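Enquirer: have a look at this fold, sequence not included:
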């Protein structure tokens, strides 16, 4: 493991304690109500200025970093759609080599990659897997707006079951075309990489400061780490931009997007409906607030509710890994 | 200076060692793997200080290479064939990022059908990417070319990545006597990499690889890359002369073999040029005025050197160890474009395809090439088309395979 000095991060207790310094500033062209912009702004606030960022191709590349208009106050580099994990490894390796040769100061420099769900969860998952097996300090954040949002909203492996996208339009013959259940990226990466010491899911705005502290925790624990964020997208999910924060919260409260962190192999639920006394809200309440589900019929809502119930009631590690138990075979 | 029997792959590893590379992202593929295996061994014995990471694919390997180079580290990596084309997207990206790393490609013909032996469709597919390209004939030349490639690639007026190509099997696994230069001499020829421009180690903000949505800006950056290759062409003689002065081996952009009074010239590249040279010697003994030009530097393309070497000759034959299906030989087209418009260009310029998938040349093929140069075809179709080298014996063999496969004939060897 790394022997370089670490940065001592304080836990952010309450929104009034969030650092005021902006390292992701003006100069971007993200949509009104873009939750991913909040996710971006948040991680760099939490990480601080001694950070280098690689950004994979996606809406948050093109909308943020066109020539002469970077919003970044830290070093930033583009990488290809499927190259999030590998760019972080290369960056960390290069920095370590320079430190060893005395060419740069031997201080902690955070390496963070920011990739979307198509980049990180589909095309680049092999590279992220390799990165999570490396011995470098790096953090990969997968911002999940559940679509290829840069190319006019196409379904990805992370799109919610039943959602309308330009690749999955509802039709008369097939009432829904998106019949794949959302890929379980964080759970899959945690289960598949025993030496990865920190994997979390998060949402930039709910619960307040939870996401920022997860970023700090990942960077403090060190080694290769991974955070999956849930980013409502007004354009792709089809709702009024002022509801982004609310939709993130509803997605978590209905249980379709479980919020947890896995620290050194221990699961900590960071929002647990089972402990609120109120239970999960009905999934339909979350779905009907979005235009992308306008075409769903009652049977679809029932099916989605059943699947979400199963995640929480039948999975051995609720919401994390789709293992329902051990089959006791007779020998 | 030590003299040792080295394979082409070991020679490549020695060059990376002498260049004191910082970082080696890796992924295995035959026949390249031995290069990184050798480096891995040296890393584990502490003989070199480089860091090495095994990635999940060549695409990731090249992405990691580019990110590391962007921090200011000296990066080395190697691949071959399918690996090169798997990482293809990144080749354009690395060149566009102006990341001056060295990538060794051990040539191997491309699938399908899958095979192991060399031709140059893999490396020549990368000719438009912005990588500089050195093509080596011997194991010594592999080692020397890598050192020269770093020197040229890292020059602040160039700043482009470089490919050094060697043929799979014929060089990669063939031992030759190689002079391993003294580390101190290499260090004075190739000091540590000091990036001329701000790099990504911070703390100053820098955005690298921003989207350029203005067509004029895009064009500007592409032209900049092209101008950088022109600078490389201008710097090459100086660097080659310094190399020769220090190590005693002189490398032109083109190697001129028995060309002084040659009427006819065979143009070849890489290790199969050794076979061509043997045939040229034989034909010389038979009184033919023939020579061989071996292209060493393919990007930037040395068109002025091509003109100098080929003008005034009676004929030239380009033997392409590649096939652009539907067109013919890749290098033939490039050489023809360099000569067109020269009043004293060779009146006969013919294209031959051979050596695909490691197919060896036959002596009589060189007789045939010379005969066609001496009495060139006159019809427009004949002048433009490539000749596909294949023997009657090989035709018969293939026919036999087909009849065995279709059940018409039983294999006698079965």
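Expert: Thanks, I have it. Predicted model, so just to flag it, every value in this text is computed and none were measured.

Enquirer: report the closest residue of the stretch 201-331 of chain A relative to chain B.
Expert: Chain B sits closest to residue A:224 of the stretch 201-331 of chain A, with a gap of 11.2 Å, by CB to the nearest CB. Just so you know, the C-beta spots here come from the backbone N, C-alpha and C atoms, and that holds for glycine as well.

Enquirer: how many residues are close by that residue?
Expert: 29 (other CB atoms under 10 Å in any protein chain shown).

Enquirer: list the contacts of the closest residue to chain A within the stretch 201-350 of chain B.
Expert: In the stretch 201-350 of chain B, the residue found nearest to chain A is residue B:209; the distance is 3.1 Å by CB to the nearest CB. By CB atoms under 8 Å, 6 or more residues apart in numbering or on different chains, the contact list for residue B:209 reads A:65, A:77, A:78, A:79, B:93, B:96, B:97.

Enquirer: not counting its neighbours along the chain, what's nearest it?
Expert: residue A:78 (3.1 Å; CB to CB, 6 or more residues apart in numbering or on different chains).

Enquirer: next one: residue B:149
Expert: Per CB to CB, 6+ apart, closest to residue B:149 is residue B:162, 3.9 Å.

Enquirer: surely the one you found touches residue B:130?
Expert: No: counting by CB atoms under 8 Å, residue B:162 sits too far from residue B:130 to count as a contact (10.3 Å).

Enquirer: wait, is the residue nearest to residue B:209 part of a strand?
Expert: Yes: membership of residue A:78 in a strand is supported by DSSP: H, G, I helix; E, B strand; the rest coil.

Enquirer: so what's it up against?
Expert: Residue A:78 makes contact with A:54, A:55, A:56, A:57, A:61, A:65, B:208, B:209, B:210, B:211, according to CB under 8 Å, 6+ apart.

Enquirer: quick one: the third one from chain B, how far?
Expert: Separation of residue A:56 from chain B (CB to the nearest CB, to the nearest Å): 10 Å.

Enquirer: buried residues in stretch B:86-101?
Expert: By 16 or more other CB atoms under 10 Å in any protein chain shown, the buried positions in stretch B:86-101 come out as B:86-91, B:93-101.

Enquirer: just those: which are in helices?
Expert: Mapping the buried residues of stretch B:86-101 onto helices (DSSP state H) picks out B:86, B:88, B:89, B:90, B:91, B:93, B:94, B:95, B:96.

Enquirer: which one's more surrounded, residue B:162 and residue B:130?
Expert: The residue with more neighbours, out of residue B:162 and residue B:130, is residue B:162; 26 against 22, by other CB under 10 Å.

Enquirer: show me the contacts for residue A:289.
Expert: Applying CB under 8 Å, 6+ apart, the residues contacting residue A:289 are A:239, A:243, A:246, A:247, A:250.

Enquirer: out of these, grab the one that's most surrounded.
Expert: In terms of neighbour count, residue A:247 stands highest of the contacts of residue A:289 at 24 neighbours, by other CB under 10 Å.

Enquirer: quick one: list the elements packing against the helix or strand where it lies.
Expert: Using DSSP states H and E, residue A:247 sits in helix A:244-253. Where contact means 3 or more CB pairs under 8 Å, 6 or more residues apart in numbering or on different chains; DSSP states H and E, helix A:244-253 is packed against helix A:35-47, strand A:224-230, helix A:283-287.

Enquirer: and the angle from the longest one to helix A:244-253?
Expert: Just to be clear, that refers to helix A:35-47. Helix A:35-47 runs at 80 degrees relative to helix A:244-253, counting by axes from the mean of the first three to the mean of the last three CA atoms, to 10 degrees.

Enquirer: the very next helix or strand once past helix A:35-47: partners in the sheet, and parallel or antiparallel?
Expert: Following helix A:35-47 in sequence order, the next helix or strand is strand A:51-56 (DSSP H and E). As defined by DSSP bridges, the strand partners of strand A:51-56 come to strand A:76-79 (parallel), strand A:110-116 (parallel).

Enquirer: export these to TSV and tack on distance to residue B:32 and mean pLDDT?
Expert: Shown next, in TSV, are these (distance: least, CB to CB, whole Å; pLDDT from 0 to 100):
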stretch	distance to residue B:32	mean pLDDT
strand A:76-79	24	96
strand A:110-116	27	98
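
Enquirer: make sure residue B:228 is actually in contact with residue B:161.
Expert: No: here residue B:228 does not reach residue B:161: they are 11.0 Å apart, not a contact under CB under 8 Å.

Enquirer: ok, these two, which is more surrounded?
Expert: Under the neighbour definition other CB under 10 Å, residue B:228 and residue B:161 were set side by side, and residue B:161 has more, 27 against 22.

Enquirer: the more buried one and residue A:11: what is the separation?
Expert: Residue B:161 sits 44 Å away from residue A:11, going by CB to CB, to the nearest Å.

Enquirer: any figure for the gap between the nearest residue to residue A:208 once chain neighbours are set aside and residue A:152?
Expert: Nearest residue to residue A:208 in three dimensions, chain neighbours excluded: residue A:15, at 5.1 Å (CB to CB, 6+ apart). Here the criterion is CB to CB. By it, residue A:15 lies 34 Å from residue A:152.

Enquirer: the helix or strand bottoming out on mean pLDDT in chain A: how far from the chain's middle?
Expert: None of the helices or strands of chain A scores lower by mean pLDDT, DSSP states H and E than helix A:59-62, at a mean of 92. On the basis of CA atoms, centre = their mean, to the nearest Å, helix A:59-62 sits 15 Å off its chain's mean C-alpha point.

Enquirer: which elements pack onto that helix?
Expert: With contacts defined as 3+ CB pairs under 8 Å, 6+ apart, helix A:59-62 has these neighbours: helix A:35-47, strand A:110-116.

Enquirer: any idea which of the ones you listed is most buried?
Expert: strand A:110-116 (a mean of 30; mean count of other CB atoms under 10 Å in any protein chain shown).

Enquirer: skip ahead from that one and say which helix or strand is next.
Expert: Using DSSP H and E, the helix or strand that follows strand A:110-116 towards the C-terminus is helix A:125-132.

Enquirer: biggest helix in chain B, by residue count?
Expert: Counting by DSSP H, the longest helix found in chain B is helix B:215-247.

Enquirer: out of the buried residues of stretch B:86-101, who's nearest residue A:20?
Expert: Nearest to residue A:20 among the buried residues of stretch B:86-101 is residue B:97, at 33.8 Å by CB to CB.

Enquirer: wait, the closest one touches residue B:70, no?
Expert: Yes: taking contacts as CB under 8 Å, residue B:97 lies within contact range of residue B:70: 6.3 Å.
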